[in-house]
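K.L.:
Sequence unavailable; structure follows:
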């Protein structure tokens, strides 16, 4: 199983769409949203059907997973887990650590049941879960009967901040703090062992610059030594398979040739003031991930 961790607006959907086209891979979208969309079918599957009527998810969910008590228990486990300790393990009291680990185990048990049903139904070798939350990756990495690999997807904080402001209405400073918080959590849980999962970091910019080479590197990380037949050339993917993404918008999953191109709009669309503001809040991780910060030093 491959779990994507990182900020939204980082190319997560693009990467998981491409990975979902590989033979033996199945992309299921953001599984953490499953318990939010089950009640009243709040958002359809990426195939445009309500989850309960989706030919893939309907049989997997069954009546037991859609039972209100199960939904409430899963939601409660998620809330407990999101109160996770952060940044420095020495800050955590012994009792708090035990409570957190117990919550992580309970959370993993609930989601492990869903993963097993997906694998049994689809017969796939690799499930791609684009849940993004680092604590989710940590918890499901504790599953003993499921080998979990975590792919930490990062993108330049300035690009994320601009996209978040445009699409979600969040301010630049708020977006920058969100970017730092999510990536710090990913770093923290990597050092904590990701619950036993293996870890790999990929930069969005490297992926869109060399899509084929990046996907091949991911496959090597997963121990999947195979030839890729989904690329028409080094950056064009033929999207033909309809994966069933939870919590997705159907119109974001067109089929046909998909040309993967770099997106550097932020470098010209952001004002100098906004760029400097975001860099001032995120420069430690920008440096760690190899992003240029020359203008911050000049400032």
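P.N.:
Received it, and whenever you're ready, just let me know what you need. Since the model is a prediction, treat every value here as computed from it, not as a measurement.
K.L.:
burial of the nearest residue in space to residue 269 that is not next to it in sequence, as a residue count?
P.N.:
Spatial nearest neighbour of residue 269, excluding adjacent residues (C-beta to C-beta, 6 or more residues apart in numbering): residue 162 at 6.2 Å. Every residue, glycine included, has its C-beta placed from N, CA and C. When neighbours are defined as other C-beta atoms under 10 Å, residue 162 has 22 of them.
K.L.:
For residue 162, which residues are in contact?
P.N.:
172, 265, 266, 269, 270, 274 (C-beta atoms under 8 Å, 6 or more residues apart in numbering).
K.L.:
Write a ChimeraX command that selects only the buried members of these.
P.N.:
The following ChimeraX line selects those of the contacts of residue 162 that are buried, judged by 16 or more other C-beta atoms under 10 Å:
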select :172,266,270,274
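K.L.:
Out of the contacts of residue 162, the closest to residue 58 would be?
P.N.:
residue 265 (39.2 Å; C-beta to C-beta).
K.L.:
distance of that closest one from residue 159?
P.N.:
8 Å (C-beta to C-beta, to the nearest Å).
K.L.:
got any ranges where the chain has weak pLDDT?
P.N.:
40-42, 83-98, 193-196, 251, 295-299 (pLDDT under 70).
K.L.:
What ranges does the protein have for its helices?
P.N.:
12-19, 34-37, 57-65, 68-81, 94-122, 134-140, 157-168, 172-191, 204-209, 211-221, 266-269, 272-288, 294-298 (DSSP state H).
K.L.:
The fourth one: which residues count as buried?
P.N.:
The one in question is helix 68-81. 70, 71, 74, 77, 78, 80, 81.
K.L.:
count of residues packed around the spatially closest residue to residue 24 that is not a sequence neighbour?
P.N.:
Residue nearest to residue 24 in three dimensions, not counting chain neighbours: residue 125, with 3.9 Å by C-beta to C-beta, 6+ apart. Number of residues near residue 125 (other C-beta under 10 Å) recorded here: 14.
K.L.:
Assess the claim that residue 189 and residue 136 are in contact.
P.N.:
No: using C-beta atoms under 8 Å, residue 189 is not in contact with residue 136; the gap is 9.8 Å.
K.L.:
At the geometric centre of the chain, which residue sits there?
P.N.:
Centroid check for the chain by C-alpha atoms, centre = their mean gives residue 132 as the closest residue, at 2.8 Å.
K.L.:
who's in contact with it?
P.N.:
Residue 132 touches 4, 5, 6, 7, 8, 12, 30, 32, 182, counting by C-beta under 8 Å, 6+ apart.
K.L.:
Return the residues in contact with the fifth one.
P.N.:
The contact partners of residue 8, taken as C-beta under 8 Å, 6+ apart, are 132, 160, 164.
K.L.:
what's the answer for the fourth one, then?
P.N.:
By C-beta under 8 Å, 6+ apart, the residues touching residue 7 are 132, 154, 155, 160, 178, 179, 182, 183.
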